[in-house]
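**Student:** Sequence and predicted structure are below.
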Amino acid sequence: MNPKTLTRQQKEKIIRRFKEEIIRREKEFDEEAERQTEAISLKLQGRVNKVLRRFWDFKVGTVLDYEREVKCPDDGKIELANVLKELQKVSLPGRDGEKVTSTRKA
């Protein structure tokens, strides 16, 4: 018998170990994916929670439309505070023509 050849039992043992290793690595991969998903979700929720209440009623499109209409100062910068004041005065409708309403729960 050649010393490099494996017996049937040795082959089965090696195959069993590889299958166990595959199962273990798949489990670790799934757990890591779940941790990353949870971390991203928490990060996004934190960003959403930082949005001030007075901004809830405005759509991004409405603000962008307003910024396009306003003449920029010499430095080319538009201050967010001024945009907010003007939008609250005018109470512009949404992009689709409907009244702007909040989609966020108070």
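**Tutor:** Arrived safely.
**Student:** Report the central residue of the chain.
**Tutor:** Closest to where the C-alpha atoms of the chain average out (Cα atoms, centre = their mean) is Leu44, at 5.4 Å.
**Student:** Give me the distance between that residue and Glu31.
**Tutor:** Distance, Leu44 to Glu31, by Cβ to Cβ, to the nearest Å: 21 Å. Every C-beta, even on glycine, is put in place using the N, C-alpha and C of the backbone.
**Student:** picking that back up, OK, contacts around the residue nearest to the centre of the chain?
**Tutor:** By Cβ atoms under 8 Å, 6 or more residues apart in numbering, the contact list for Leu44 is empty.
**Student:** Which helix or which strand is home to it?
**Tutor:** Element membership for Leu44 (DSSP states H and E) is helix 8-49.
**Student:** Could you chop the protein up by domain?
**Tutor:** In terms of domains, the chain is parsed into 7-50, 53-90 (source: automatic domain parsing).
**Student:** Extract the C-alpha set from the strand or helix carrying Leu87 and format it as PDB.
**Tutor:** Using DSSP H and E, Leu87 falls within helix 80-90. What follows is helix 80-90, C-alpha atoms only, in PDB (Å, rounded to 0.1, in the frame of the first residue of the first chain):
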ATOM      1  CA  LEU A  80     -30.500  77.300   5.300                       C
ATOM      2  CA  ALA A  81     -32.100  79.500   7.900                       C
ATOM      3  CA  ASN A  82     -33.200  82.000   5.200                       C
ATOM      4  CA  VAL A  83     -34.500  79.200   3.100                       C
ATOM      5  CA  LEU A  84     -36.500  77.800   6.000                       C
ATOM      6  CA  LYS A  85     -38.000  81.200   6.800                       C
ATOM      7  CA  GLU A  86     -39.000  81.900   3.300                       C
ATOM      8  CA  LEU A  87     -40.600  78.400   2.900                       C
ATOM      9  CA  GLN A  88     -42.600  78.900   6.100                       C
ATOM     10  CA  LYS A  89     -43.800  82.300   4.900                       C
ATOM     11  CA  VAL A  90     -44.800  81.100   1.400                       C
END
